[in-house]
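J.: From the sequence below, what's the structure:
(chains A, B, C and D)
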Protein chains: 2
Amino acid sequence: MTGAGMEPAKVDRIFQALGDPTRRAILDALSRQPSSVSDLARPLDMSLAAVVQHIQALEESGLVRTEKQGRVRTCHLMPETFATAERWLSERRTLWERRLDRLGALLDEEENG
Amino acid sequence: MTGAGMEPAKVDRIFQALGDPTRRAILDALSRQPSSVSDLARPLDMSLAAVVQHIQALEESGLVRTEKQGRVRTCHLMPETFATAERWLSERRTLWERRLDRLGALLDEEENG
DNA sequence: AATATTGTTAAGTTGATACTTAACTATACA
DNA sequence: TGTATAGTTAAGTATCAACTTAACAATATT
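T.: Numbers count the residues shown, from 1 in each chain, chains lettered A, B, ... in the order given. Take a look at the predicted model:
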């Protein structure tokens, strides 16, 4: 049995955050190592302010957490939030797949039984 | 080894499609049973035309496939596309988690070794 | 102390996207 | 044959999201 599922508002913000390609690029970079805001901004073709805004969205979604020490803010992934999104997807996928299996079994019975 | 990953353009459309709450509601309904366009529209507080447009986005992303027979178009989930999104997430999550593990091991060595 | 670096915030612009209505096509049904 | 049902398409609107610039704050460097 898979759990009852997370509050929809949380899932909403997670998937909304994942919907933007720049934010996914940031997540991709962060999967390799924690990084500062300007590290993350360097390869991206946009202002630092824009990147800051993306990081805020990612943090509000829970996909990223940040700490500031001195003048540099360091960002890192939050794997549990990734897992929440994965679960949303896999719950629906497997629900569907199990349905297909049952249907297949039913057809077999009809054929053989 | 996990594969090299799918063409980014495809992943883009998948996650963009997943970013909308109405579309996720449609996917949720479809995880339980295949449905016609008007079946899907009934619980949603918007015009049929709007729902049609959402379904088009879902179909272009590959999350849903549809066939029309007679005047009714039936929609169903495409589990492989769900799996593609799940893989994108889990690849990054596990990359990060393995990194954490290595770091933990390193600290242990330092402590004990 | 002066300067450079790092990040934050506010305000405005622009383009994308989620809707609407309306006109239409195609199929099923009485 | 006429009417209801199911869906499609086009065109317009309005909201939202992603950016910009600019002014600022805080910390580090020389």
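J.: contacts and neighbour counts: CA atoms only from here.
T.: Noted.
J.: What is the burial count for A:Asp39?
T.: 13 (other C-alpha atoms under 10 Å in any protein chain shown).
J.: Would you agree A:Gly5 falls within a strand?
T.: No - read with DSSP: H, G, I helix; E, B strand; the rest coil, A:Gly5 is coil and lies in no strand.
J.: Up against chain B, what does chain A have?
T.: With C-alpha under 8 Å from any C-alpha of the partner chain as the criterion, chain A comes near chain B at residues A:12, A:15-21, A:27-28, A:30-33, A:77, A:79, A:82-83, A:85-86, A:89-90, A:92-97, A:99.
J.: Weed out the non-buried ones from these.
T.: Listed as buried from the residues of chain A next to chain B are A:12, A:15-21, A:27-28, A:30-33, A:77, A:79, A:82-83, A:85-86, A:89-90, A:92-93, A:95-97; burial here means 16 or more other C-alpha atoms under 10 Å in any protein chain shown.
J.: Check the residues of chain A next to chain B one by one and keep those near DNA strand D.
T.: A:17, A:19-20 (C-alpha under 7 Å from any atom of the strand).
J.: What about those residues, which are in helices?
T.: Among these, the members found in helices (DSSP state H) are A:Ala17.
J.: Can I get the ones next to DNA strand D among the residues of chain A next to chain B in JSON lines including distance to B:Ile55?
T.: Formatted as JSON lines, those follow (distance: C-alpha to C-alpha, whole Å):
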{"residue": "A:Ala17", "distance to B:Ile55": "21"}
{"residue": "A:Gly19", "distance to B:Ile55": "17"}
{"residue": "A:Asp20", "distance to B:Ile55": "20"}
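J.: Nearest to DNA strand D among the ones next to DNA strand D among the residues of chain A next to chain B?
T.: A:Asp20 (4.8 Å; C-alpha to the nearest atom of the strand).
J.: What's the per-residue pLDDT of the closest one here?
T.: With respect to pLDDT, A:Asp20 has a value of 98.
J.: From what I see, it and B:Gln16 are in contact.
T.: Yes - A:Asp20 lies in contact with B:Gln16 (C-alpha atoms under 8 Å); the separation is 6.8 Å.
J.: which ones are touching A:Glu67?
T.: A:73-75 (C-alpha atoms under 8 Å, 6 or more residues apart in numbering or on different chains).
J.: ok, now A:Gln69?
T.: By C-alpha under 8 Å, 6+ apart, A:Gln69 has no neighbours at all.
J.: From the centre of chain A outward, give me the first residue you hit.
T.: A:Phe82 (4.3 Å; C-alpha atoms, centre = their mean).
J.: Which strands and helices lie in contact with the helix or strand where A:Arg87 lies?
T.: Per DSSP states H and E, A:Arg87 falls inside helix A:79-112. Under the contact definition 3 or more C-alpha pairs under 8 Å, 6 or more residues apart in numbering or on different chains; DSSP states H and E, helix A:79-112 sits against helix A:8-18, helix B:21-32, helix B:79-112.
J.: what's the least confident stretch among those?
T.: helix B:79-112 (a mean of 89).
J.: which bits of chain A sit near DNA strand D?
T.: So chain A meets DNA strand D at A:17, A:19-20, A:22, A:45-50, A:54, A:69-71 (C-alpha under 7 Å from any atom of the strand).
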